[in-house]
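J.: Give me a 3D structure for the following:
(one chain, ligands or ions: 2)
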Amino acid sequence: MERYIMAIDQGTTSSRAILFDRHTKIAASAQKEFTQFFPKAGWVEHDATEIWLSVQAVMTEVLMSSGIGPEQVEAIGITNQRETAVVWDKNTGIPIYHAVVWQSRQTVDICDELRQQGMEETIRNKTGLLIDPYFSGTKIKWILDHVEGARERAERGELLFGTIDTWLVWNLSGGAVHITDYSNASRTLLYNIHELKWDRDLLAMLDVPEAMLPQVKPSSHIYTKTAPTHFFNCEVPIAGIAGDQQAALFGHACFQPGMAKNTYGTGCFMLMNTGEKPIRSEHGMLTTIAWGVEGRVEYALEGSIFVAGSAIQWLRDGLEMIHTAPESEEVAKGAEDAGGLYVVPAFVGLGAPYWDDKARGAIFGITRGTTKAHFVRATLESLAYQTKDIIDAMSRDSGIRLTELKVDGGAVANNLLMQFQSDLLDVPVERPAVNEVTALGAACLAGLAVGFWNNKGEVIQNYQVDRIFRPGISEEKRRRLYAGWEAAVKATCAFHPEQD
Ligand SMILES: Nc1ncnc2c1ncn2[C@@H]1O[C@H](COP(=O)(O)OP(=O)(O)O)[C@@H](O)[C@H]1O
Ligand SMILES: O=P(O)(O)OC[C@H](O)CO
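T.: Ligands and ions are numbered 1, 2, ... in the order given. From the prediction side, this is the model:
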């Protein structure tokens with residue numbers, strides 16, 4: 001009887017379940033979108049219970065549609081949208097508030113207070129992160145401050161906090177296990193990435209009771225088994241956990257220091273493996289834990305772009321310029337270039353390397369000749385420009401000049417975007433045959449823990465390339481295009497509209 005690893009990829013806009021066979025080929029997959037809540041400008045929330053239901057739905061569908069039985073699943077690996085914070089009642093399992101999503105800006109004021117208290121250096125030294133609403137810590141504080149009676153309940157030990165991995169494992173285990181892995185812990189603003197422990201000073205700074213926090217475990221490890229009631233009467237080991245960007249780094253087999261990948265999903269996330277050495281960034285990158293595997297914790301430098309594929313969704317849903325995200329390629333081809341137009345999609349502020357939480361989106365260079373094609377093209381190009389900002393900053397921090405870029409995520413299906421990315425960076429862009437690299441990473445972490453695969457070498461063996469995009473524009477054109485982008489970002493950061 002064939003055996004499989006099930007990866008659960010719980011992303012910002014959808015949940016997926018994917019079954020991988022022994023050769024890391026996808027045997028079946030299922031996907032389900034869920035509701036996005038935007039209660040106020042800049043706020044983004046999810047219903048954590050709806051997320052859990054969507055995960056149960058895709059786990060069921062992937063088995064039903066493929067005819068693969070639950071007893072054929074050797075282990076489950078979980079990968080997740082990171083930083084998104086859930087606080088729930090330990091006894092009822094009911095969240096006390098919506099999950100506050102990584103993109104959400106509702107903690108700008110808490111961040112301002114932390115800056116005024118001069119906490120920047122302490123936070124950077126201990127966590128590798130910087131002060132921004134992006135990370136979980138201020139979101140937990142916000143929930144405890146805003147939900148009536150929550151702080152007292154948390155202090156009495158009645159409430160639990162988790163990122164989405166923690167929430168899913170807790171539910172899959174029938175409420176038995178409250179854990180996370182190093183990669184997710186390193187995104188909370190509460191975890192000391194050098195000492196590998198929750199940091200008492202940071203917990204005091206944000207007034208978060210330690211009893212709410214999960215235990216932190218390696219990324220490839222048998223944490224628990226599914227409660228039979230939650231997995232078709234089967235007890236299957238849950239054996240891999242990593243935040244989705246770290247899982248993608250693993251799935252791309254970026255195991256050596258200096259190897260990097262960029263994922264083009266809702267946001268864009270560029271990670272470079274720096275091995276067992278955490279590198280402190282001087283250029284707006286984050287230092288983060290890549291994973292804890294084979295008894296070693298390894299680190300990465302990360303550049304986080306908040307708005308990437310979601311800018312294409314905005315073209316589709318907000319402006320109704322396209323019907324589907326893939327149509328953006330056809331429409332953009334209607335113009336030879338962006339005609340001098342620059343779209344800076346700072347819808348929720350700007351992430352790395354600018355970290356401007358008060359900036360808002362802007363468009364520059366409109367003329368009477370500007371068409372829809374220019375508009376769509378400039379929006380696609382904004383993903384590539386933001387990526388170049390990150391790669392330049394990362395090279396300055398690490399001293400490493402990238403020689404190729406490995407890519408994945410929904411938007412890499414767009415050939416026009418990939419070609420422009422290669423032109424702009426002046427390096428080959430390598431797209432893998434299996435685009436589900438994030439899920440593959442989670443599956444590999446789980447498969448290694450249960451002996452389904454023997455070592456990381458087997459992961460590399462199965463890695464196949466679909467297409468390599470090679471640079472094809474002059475240095476002068478590259479310089480001119482990028483100079484326009486730099487001017488556009490500078491002007492965007494100079495404009496801070498008043499918020500409610
Ligand atoms: N052909 C395409 N061209 C441009 N963008 C695309 C294309 N296909 C999908 N996208 C974008 O990719 C994103 C979905 O990618 P995905 O990796 O599934 O995201 P996530 O994991 O963040 O939910 C969407 O924001 C969508 O707009
Ligand atoms: O859900 P994704 O793939 O957009 O990833 C979200 C990131 O993990 C946020 O840090």
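J.: Tell me the strands beside the helix or strand where Thr274 lies, with direction?
T.: Using DSSP states H and E, Thr274 sits in strand 268-275. Strand pairing for strand 268-275, using DSSP bridges, gives strand 260-264 (antiparallel), strand 296-305 (antiparallel).
J.: most neighbours per residue, which of those?
T.: Of those, the one with the most neighbours on average (mean count of other CB atoms under 10 Å) is strand 260-264, at a mean of 28. For the C-beta atoms, the positions are set from N, CA and C on the backbone; glycine is no exception.
J.: What angle do strand 296-305 and the helix ranked longest in the chain make with each other?
T.: Longest helix in the chain by number of residues, with DSSP state H as the criterion: helix 372-398. Helix 372-398 and strand 296-305 are oriented at 140 degrees to each other (axes from the mean of the first three to the mean of the last three CA atoms, to 10 degrees).
J.: Output the set of residues of this protein in proximity to ligand 1.
T.: By the rule CB under 6 Å from any ligand atom, the part of the chain lying against ligand 1 is 11-14, 265-266, 309-310, 312-313, 325-326, 328-329, 409-411, 413-414.
J.: quick one: furthest residue from the center of the chain?
T.: In the chain, the residue that sits farthest from the middle, by CA atoms, centre = their mean, is Arg368; the gap is 38.3 Å.
J.: Going along the chain, name the helices of the stretch 351-500 of the chain.
T.: Ranges of helices in the stretch 351-500 of the chain, per DSSP state H, counting those that start in this stretch, are 372-398, 415-425, 437-449, 456-461, 475-493.
J.: which of those helices sits most buried?
T.: Highest mean neighbour count among these (mean count of other CB under 10 Å): helix 437-449, with a mean of 30.
J.: Tell me what angle that one forms with strand 260-264.
T.: 130 degrees.
J.: Identify all contacting residues around stretch 466-486.
T.: Stretch 466-486 is contacted from outside by 340, 342, 364-365, 385, 388, 415, 418-419, 421-433, 435, using CB atoms under 8 Å, 6 or more residues apart in numbering.
J.: Run the chain-centre distance for that stretch.
T.: Centre-to-centre, stretch 466-486 and its host chain are 26 Å apart (CA atoms, centre = their mean, to the nearest Å).
J.: Dump the C-alpha coordinates for that stretch into PDB.
T.: Extracted in PDB, the C-alpha atoms of stretch 466-486 (Å, rounded to 0.1, in the frame of the first residue of the first chain):
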ATOM      1  CA  ASP A 466      10.500  24.200 -14.800                       C
ATOM      2  CA  ARG A 467      12.100  27.300 -16.500                       C
ATOM      3  CA  ILE A 468      15.000  29.700 -16.100                       C
ATOM      4  CA  PHE A 469      14.400  33.300 -17.000                       C
ATOM      5  CA  ARG A 470      17.600  35.100 -18.100                       C
ATOM      6  CA  PRO A 471      18.300  38.900 -18.100                       C
ATOM      7  CA  GLY A 472      17.900  40.600 -21.400                       C
ATOM      8  CA  ILE A 473      18.100  44.400 -21.000                       C
ATOM      9  CA  SER A 474      21.000  46.900 -21.000                       C
ATOM     10  CA  GLU A 475      22.600  48.100 -17.800                       C
ATOM     11  CA  GLU A 476      21.600  51.700 -18.800                       C
ATOM     12  CA  LYS A 477      17.900  50.700 -19.100                       C
ATOM     13  CA  ARG A 478      18.100  48.900 -15.800                       C
ATOM     14  CA  ARG A 479      19.600  51.900 -14.100                       C
ATOM     15  CA  ARG A 480      17.000  54.200 -15.500                       C
ATOM     16  CA  LEU A 481      14.000  52.100 -14.600                       C
ATOM     17  CA  TYR A 482      15.200  51.600 -11.000                       C
ATOM     18  CA  ALA A 483      16.100  55.300 -10.500                       C
ATOM     19  CA  GLY A 484      12.400  56.000 -11.300                       C
ATOM     20  CA  TRP A 485      11.300  53.500  -8.600                       C
ATOM     21  CA  GLU A 486      13.600  55.000  -6.000                       C
END
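J.: quick check: mean pLDDT across it?
T.: For stretch 466-486, the mean pLDDT works out to 96.
J.: Likewise for stretch 432-441?
T.: Average pLDDT, stretch 432-441: 90.
J.: still on that earlier bit, buried among the residues of the chain next to ligand 1? Make that a PyMOL selection.
T.: Those of the residues of the chain next to ligand 1 that count as buried under 16 or more other CB atoms under 10 Å are selected in PyMOL with:
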select buried, resi 11+12+13+265+266+309+310+312+313+325+328+329+409+410+411+414
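J.: I'd like to know which elements the longest helix of the chain is packed against.
T.: strand 260-264, strand 268-275, strand 296-305, helix 309-313, helix 327-332, strand 342-344, helix 415-425, helix 475-493 (3 or more CB pairs under 8 Å, 6 or more residues apart in numbering; DSSP states H and E).
J.: rerun at 6 Å
T.: Under the contact definition 3 or more CB pairs under 6 Å, 6 or more residues apart in numbering; DSSP states H and E, helix 372-398 sits against strand 268-275, strand 296-305, helix 327-332, strand 342-344, helix 415-425.
J.: want to try a markdown table for those, with mean pLDDT and distance to Gly137 as columns?
T.: Formatted as a markdown table, these follow (pLDDT from 0 to 100; distance: least, CB to CB, whole Å):
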| stretch | mean pLDDT | distance to Gly137 |
| --- | --- | --- |
| strand 268-275 | 93 | 19 |
| strand 296-305 | 93 | 16 |
| helix 327-332 | 97 | 36 |
| strand 342-344 | 97 | 28 |
| helix 415-425 | 97 | 33 |
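J.: In CSV: those, plus distance to Ala483.
T.: Conversion of the helices and strands packed on helix 372-398 to CSV gives the following (distance: least, CB to CB, whole Å):
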stretch, distance to Ala483
strand 268-275, 21
strand 296-305, 20
helix 327-332, 22
strand 342-344, 11
helix 415-425, 12
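J.: closest one to Glu155 among those?
T.: strand 296-305 (31.1 Å; CB to CB).
J.: contact partners of the closest one?
T.: Contact with strand 296-305 is made by 182, 267-276, 278-279, 285-286, 288-290, 351-352, 386, 390, 394, as judged by CB atoms under 6 Å, 6 or more residues apart in numbering.
J.: Report the buried members of those residues.
T.: Using 16+ other CB under 10 Å as the burial test, the contacts of strand 296-305 include 182, 267-275, 278-279, 285-286, 288-290, 351-352, 386, 390, 394 as buried.
J.: and ligand 2, which of those residues contact it?
T.: The residues of the buried ones among the contacts of strand 296-305 that also fall near ligand 2, by CB under 6 Å from any ligand atom, are Gly267.
J.: residue contacts, Gly69?
T.: Residues near Gly69 by CB under 6 Å, 6+ apart: none.
J.: repeat that with 8 Å
T.: Leu63.
J.: can you list the residues of the stretch 51-200 of the chain near ligand 2?
T.: The stretch 51-200 of the chain comes close to ligand 2 at residues Gln81, Arg82, Glu83, Trp102, as judged by CB under 6 Å from any ligand atom.
J.: Tell me which residue in the stretch 251-400 of the chain sits closest to ligand 1.
T.: Closest approach between the stretch 251-400 of the chain and ligand 1, counting by CB to the nearest ligand atom: Gly309, at 2.4 Å.
J.: pretty sure that residue is touching Thr263, no?
T.: No - if you go by CB atoms under 8 Å, Gly309 and Thr263 don't touch, sitting 9.8 Å apart.
J.: overlap in contacts of those two?
T.: Jointly contacting Gly309 and Thr263 under the rule CB under 8 Å, 6+ apart are Gly409.
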